[in-house]
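Participant: Here's my sequence, what's the structure:
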Amino acid sequence: MAFTTIRFTEPEPGVGLITLSRPDRLNALSLDMVEELHTLFTQLYHRKEVRVLLITGQGRGFCSGADLKDARLRSEAAPAFSSAALHLEAIQKKYANLVLEMRRLPQPIIAAVNGPAAGGGMSLALAADVVIAGPDASFTPSFINIGLSGGEMGTTYFLPKQVGLARAAEILLTGRTVPAAEAERIGLVSRLVERERLMEEAMDTARTMIAKSPIGLRFTKEALNLNLTAPSLEAAIELENRNQSMCCCTSEFFGAIETFNKRRQR
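Facilitator: Down below sits the predicted model:
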């Protein structure tokens, strides 16, 4: 399928690159872009040969959040603003379900944040498995700044787990911008790299993941997802036990052990 607001390429075998492509609007999430991302995520769920995903923004921004100037949002979706129930189905769930789909995808997702990530853009970054940021990156939970709740698209789920409850509360309640250096210091991003190294660093991380077994990558993401809300340590370990026993019966495991033993014998 040809997309108009995003691009999808496969720069190397096993690696998929999603580029948000509305640079004139800092890659704001129009309804067209939201729907195209839904379509792409559905396709990628079934494409097991694509083993790692990268997501970034074209131009100087990562994603500036929902496009409040979007013609579709202001016209055909306008009636939804007359009723909370209509809004929930027609708009709210369309945006929020992007985050659910990202977490359900079997592929690890690396966000290469090249510039401002505001509102829903910040939410997309938080939903990634690894966040690599350049010096121009910034993170703004702008929802509360436009009369909304600061809890949107998973912010009140992910942010406290990444930076702690006190910091998350302060950031979401004030709607302030977190610059790249602070984001690295408080754990909002995985690491901060030089501007010209951003995409290569993201690709290097993807290559490291690609070298692992497919089932190992999928089960690691699954365990991280499920054990975020595990009711007990015992439940978390039971899931890990299942995964390890399944992995121990694969050809990749026996091959890796053989390679490891050969290295030790040198």
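Participant: Now the helix or strand containing V99 - C-alpha only, PDB.
Facilitator: Per DSSP states H and E, V99 falls inside helix 93-104. Backbone C-alpha positions of helix 93-104 (Å, rounded to 0.1, in the frame of the first residue of the first chain) are rendered in PDB as follows:
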ATOM      1  CA  LYS A  93      -9.500   5.500  20.600                       C
ATOM      2  CA  LYS A  94      -8.100   6.000  17.100                       C
ATOM      3  CA  TYR A  95      -5.200   7.900  18.600                       C
ATOM      4  CA  ALA A  96      -4.700   5.900  21.800                       C
ATOM      5  CA  ASN A  97      -4.900   2.600  20.100                       C
ATOM      6  CA  LEU A  98      -1.700   3.400  18.200                       C
ATOM      7  CA  VAL A  99       0.200   2.900  21.500                       C
ATOM      8  CA  LEU A 100      -1.600  -0.400  22.200                       C
ATOM      9  CA  GLU A 101      -0.700  -1.700  18.700                       C
ATOM     10  CA  MET A 102       3.000  -0.700  19.200                       C
ATOM     11  CA  ARG A 103       3.100  -2.700  22.400                       C
ATOM     12  CA  ARG A 104       1.400  -5.700  20.800                       C
END
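Participant: Name the residues of that helix that come out as buried.
Facilitator: Residues of helix 93-104 classed as buried by neighbour count (16 or more other CB atoms under 10 Å): 94-95, 97-99, 101-103. C-beta coordinates here come from the backbone N, C-alpha and C atoms, glycine included.
Participant: Stretch 177-192 too?
Facilitator: Neighbour count says stretch 177-192 has 177-180, 182-184, 188-190, 192 buried, by 16+ other CB under 10 Å.
Participant: Stretch 243-258 too?
Facilitator: 243, 247, 253.
Participant: domain parsing for this structure?
Facilitator: Segmentation of the chain into domains, based on automatic domain parsing, reads 6-210, 214-265.
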